Each structure stands twice: as structure tokens, then as C-alpha cells.
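In: Structure, please.
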Amino acid sequence: MPADFDPYLNNELFAKRLKELRLSRSPRLSQERLARRLKVSRATLANYETGRVAIPMWFVCAAAEYFGVPVSEFVGKDDADEDLSS
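Out: Okay, the predicted model is just below:
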């Protein structure tokens, strides 16, 4: 593994999308229920949803698998971001 590899993601986009996906479930998915399914505490999940802590890559992968979306849904370019190539 490269010396500069960081196994954590500290990303506001991830936090925003995680909460959006959780709340878009019908019936609404509580933090407690999602935390249990992803094997973290509710407090940890709350910290991930607010971007207060670095998010481990294993959790990004687990959340993507749970919601049935590609990892890029969480870490890709935000629709609101400007295209840097222009």
C-alpha cells in the first residue's frame, strides 16, 4: 500500500448522501435501525451523517452495498460542484 494511502474518507458529500438515502426509504429508516444493519453504533452513524469524523472505507462499501448504489454515489462528484475542466 502506498505510504500516502488513507483508509478513511472525510467527505461532506458522503455525509449528505448517506442521510438522504436513509431518509428516502419508505418507511423512513431510523439511524438506530441502519446502524444495527451496518454494524456500528447509532452515535457513530450520526457522526458519519454530519461529517464530524473520518469515515472508514469499509463503511462506505457497506453502505453502498446496503442501499444498492455504486460507491461513486457517495464519493463521486456532487451535482452542485462546478466542472473543473471548463
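
In: so where is the protein shaky, pLDDT-wise?
Out: 1-10, 76-86 (pLDDT under 70).

In: all strands of it, in order?
Out: 8-9, 55-56 (DSSP state E).

In: List the pairing partners of the last one within its sheet, with orientation.
Out: In other words, strand 55-56. strand 8-9 (antiparallel) (DSSP bridges).

In: any idea how far Thr44 lies from Ser26?
Out: Per Cβ to Cβ, to the nearest Å, Thr44 is found 25 Å from Ser26. Every C-beta, even on glycine, is put in place using the N, C-alpha and C of the backbone.

In: Show me the residue sitting in the middle of the chain in space.
Out: The centroid of the chain falls nearest to Phe14 when counting by Cα atoms, centre = their mean (3.9 Å).

In: Nearest residue to that one in space, please, no chain neighbours.
Out: Phe74 (4.6 Å; Cβ to Cβ, 6 or more residues apart in numbering).

In: so that neighbour touches Glu12, yeah?
Out: No. With contacts counted by Cβ atoms under 8 Å, Phe74 stays clear of Glu12, the gap being 11.1 Å.

In: These two: who's more crowded?
Out: Ranked by neighbour count (other Cβ atoms under 10 Å), Phe74 and Glu12 place Phe74 first, with 23 against 10.

In: distance of that one from Pro27?
Out: Counting by Cβ to Cβ - Phe74 and Pro27 are separated by 23 Å.

In: still on that earlier bit, who has more neighbours, Thr44 and Ser26?
Out: Ranked by neighbour count (other Cβ under 10 Å), Thr44 and Ser26 place Thr44 first, with 16 against 6.

In: From Val53, how far off is the more buried one?
Out: Applying Cβ to Cβ to Thr44 and Val53 gives a distance of 8 Å.

In: Could you check how many residues crowd around Val71?
Out: Using other Cβ under 10 Å, Val71 has 15 other residues around it.

In: That one: what's it in contact with?
Out: Val60, Cys61, Ala64 (Cβ atoms under 8 Å, 6 or more residues apart in numbering).
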